[in-house]
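Enquirer: Return atomic coordinates for the entry below.
(chains A and B)
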Amino acid sequence: MKFATWNVNSLAVRLPQLLDWLAANPVDALVLQETKLTDDKFPTLEIGAAGYQVQWFGQKTYNGVALLSRKPATDVVKNILGFADEQARVIAGTVDGVRVIGAYFPNGQAPDSEKFVYKMGWLEALREWVRAELKTHERLVLMGDFNIAPEDRDVYDPVAWAGQIHCTPQEREHFQALLGLGLVDAFRMFEQPPKSWSWWDYRNLAFRKNQGLRIDHILVSEALRPRVKACEIDKQPRRNERPSDHAPVIVTLD
DNA sequence: ATGACTCCCAGTGGGAGA
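Expert: This is a model prediction of the structure:
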């Protein structure tokens, strides 16, 4: 069983790459972030023809998330229960007995900005909601673009990034608090190549120089932990022409 | 170096992303 997450940075632009990727990586479920499509423009037919059920939650220009799955997702929830949000950032569903939560965490822009305040409130609400979800769903996967680099080893230049957005102590505390709910960072369950990133800036030849951040994550609940066999970042789509700035992350369970 | 690129909506420029 395989689950994956990918920030596609516009599904309108990346749909052909998504279909190619699914053909090469027939995962059981995939969550997408930054679809940037209103619901009426979602490419349901193309994704259906690829053999996937899909749930989607979009908005104009920004954000937008989707949950693709081989088997239908049930009990679908959009955004964080009880947290009023104008932005389409979360989609959850139960797939094959596993609660799958796909999330596009706020960027936060800068630690002294209003957007950072929003990010902190959002993270707090997410944690309390995931805590509740874990009570009813022992088998749970929380994955997406977290916009948090959990540790210095997740940053290509930790000195330059110290205290910057994605690397602030407050964001990292929130990441640890999610682990504190009984979740495990699947990527760090395994020995990984050093300088493993999931995002590279479009500028500065960052991908060619391998200057990036690991900000896309897959957290699994304790009940699933013994079943996790592998977790990897697939850099291949970042080599495409007109790539997303993010690479997919895949977890394999038995 | 308050940059660089890419996306979007707008509309011949600007915000946002990370």
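Enquirer: CA atoms for contacts and neighbours, from now on please.
Expert: OK.
Enquirer: DNA strand B contacts on the stretch 51-200 of chain A?
Expert: Contact residues, the stretch 51-200 of chain A versus DNA strand B (CA under 7 Å from any atom of the strand): A:60-62, A:106-110, A:145, A:147, A:166, A:199-200.
Enquirer: Sitting in strands, which of those residues do you find?
Expert: If you go by DSSP state E, those have A:Asp145, A:Trp199, A:Trp200 in strands.
Enquirer: So which bits of stretch A:206-215 are buried?
Expert: A:Phe207, A:Gln211, A:Gly212, A:Leu213, A:Arg214, A:Ile215 (16 or more other CA atoms under 10 Å).
Enquirer: now swap in stretch A:241-252 and tell me
Expert: In terms of neighbour count (16+ other CA under 10 Å), stretch A:241-252 has its buried residues at A:Pro243, A:Ser244, A:Asp245, A:His246, A:Ala247, A:Pro248, A:Val249, A:Ile250, A:Val251, A:Thr252.
Enquirer: Longest helix in chain A, please.
Expert: Longest helix in chain A by number of residues (criterion: DSSP state H): helix A:114-136.
Enquirer: which residue ranges form the strands in chain A?
Expert: For chain A, strands defined by DSSP E occupy the ranges A:2-7, A:29-33, A:53-57, A:65-69, A:74-78, A:90-95, A:98-104, A:140-145, A:183-185, A:199-200, A:212-213, A:216-221, A:228-233, A:249-253.
Enquirer: Compile those into a markdown table and extend it with columns for mean pLDDT.
Expert: Below are those laid out as a markdown table (pLDDT from 0 to 100):
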| stretch | mean pLDDT |
| --- | --- |
| strand A:2-7 | 98 |
| strand A:29-33 | 98 |
| strand A:53-57 | 98 |
| strand A:65-69 | 98 |
| strand A:74-78 | 98 |
| strand A:90-95 | 98 |
| strand A:98-104 | 98 |
| strand A:140-145 | 98 |
| strand A:183-185 | 98 |
| strand A:199-200 | 98 |
| strand A:212-213 | 98 |
| strand A:216-221 | 98 |
| strand A:228-233 | 98 |
| strand A:249-253 | 98 |
